[in-house]
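A.B. asks: coordinates only, sequence not included:
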């Protein structure tokens, strides 16, 4: 929740560069940074993983462990990038803290992926240690695929300047999403699936705007 709560602050900072605003927001960013520095774990691959988390709303003790949710991994790099920038400009942290945050940006684990219908797509989370978690992963032939949208929006790491392989991975994940929910009719995700698609230049027959208008008119 804390990481999600920072998204409006991060986007406004990236848009405005307003130092007065950054000074007011900095205590929140600092508190969230402290939590994630404690929560992230360096695993054998040398990357920082969110190894104890929940992606599908049903968590321990009643659900299961769902490590490395894509939504979290998509937000962390920008979060630590921004807090390092703000801290340096405000002289709000030590040089060591700033360098550590800058280093974390490069160490966040890659998005979990799986193969669905012969295509590699971004998954909602990695693994799933219980029968319930496995069932979620294999829902209708694979992970339910909404998590992949966050790789592009609102703070995802993939955009039109990204390597073509990363853009194509998000494109395939969008195809998966729209196959799962024709016309984008998935209640939690419909507002940002279209923004994610636009951010990576995903093309659809008839045009993305026409699909969006059809969604709003409930004719999809």
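C.D. replies: Noted; the coordinates are in hand. Note that the coordinates shown come from a computational prediction; the quantities given were computed from them, not determined experimentally. Numbers count the residues shown, from 1 in each chain.

A.B. asks: Strands along this protein, start to end?
C.D. replies: Secondary structure of the chain (DSSP state E): strands at 41-42, 48-49, 113-116, 119-122.

A.B. asks: Parallel or antiparallel, list what pairs with the first one.
C.D. replies: Strand 41-42 pairs in its sheet with strand 48-49 (antiparallel), by DSSP bridges.

A.B. asks: now do the last one
C.D. replies: Using DSSP bridges, the strands paired with strand 119-122 are strand 113-116 (antiparallel).

A.B. asks: Report the buried residues of the partner strand.
C.D. replies: 113-114, 116 (16 or more other CB atoms under 10 Å). In short, each C-beta sits where N, CA and C put it, glycine included.

A.B. asks: Between those residues, which sits nearest residue 211?
C.D. replies: Among the buried residues of strand 113-116, residue 116 lies closest to residue 211 (CB to CB), at 21.3 Å.

A.B. asks: With distance to residue 3 and mean pLDDT as extra columns, can I get the strands of the chain in TSV?
C.D. replies: Output for these, formatted as TSV (distance: least, CB to CB, whole Å; pLDDT from 0 to 100):
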stretch	distance to residue 3	mean pLDDT
strand 41-42	16	96
strand 48-49	14	96
strand 113-116	22	85
strand 119-122	18	90
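
A.B. asks: Out of those strands, flag the one nearest residue 5.
C.D. replies: strand 48-49 (20.8 Å).

A.B. asks: ok, back up a step: nearest to residue 209, of the strands of the chain?
C.D. replies: So among the strands of the chain, strand 119-122 is nearest, using CB to CB, at 24.1 Å.

A.B. asks: remind me which residues of the chain are low pLDDT?
C.D. replies: Counting by pLDDT under 70, the chain shows low-confidence ranges at 56-64, 128-145, 187-189, 220.

A.B. asks: at 50 what do you get?
C.D. replies: Residue ranges of the chain with pLDDT under 50: 140.

A.B. asks: Between the buried residues of strand 113-116, which sits nearest residue 38?
C.D. replies: For these, the nearest to residue 38 is residue 113 (27.1 Å; CB to CB).

A.B. asks: can you tell me which residues contact the residue nearest to residue 162 when sequence neighbours are not counted?
C.D. replies: Distances taken as CB to CB, 6 or more residues apart in numbering place residue 200 nearest to residue 162, at 7.9 Å, with adjacent residues excluded. Residue 200 is in contact with 152, 158-160, 162, 167, 170-171, 174, counting by CB atoms under 8 Å, 6 or more residues apart in numbering.
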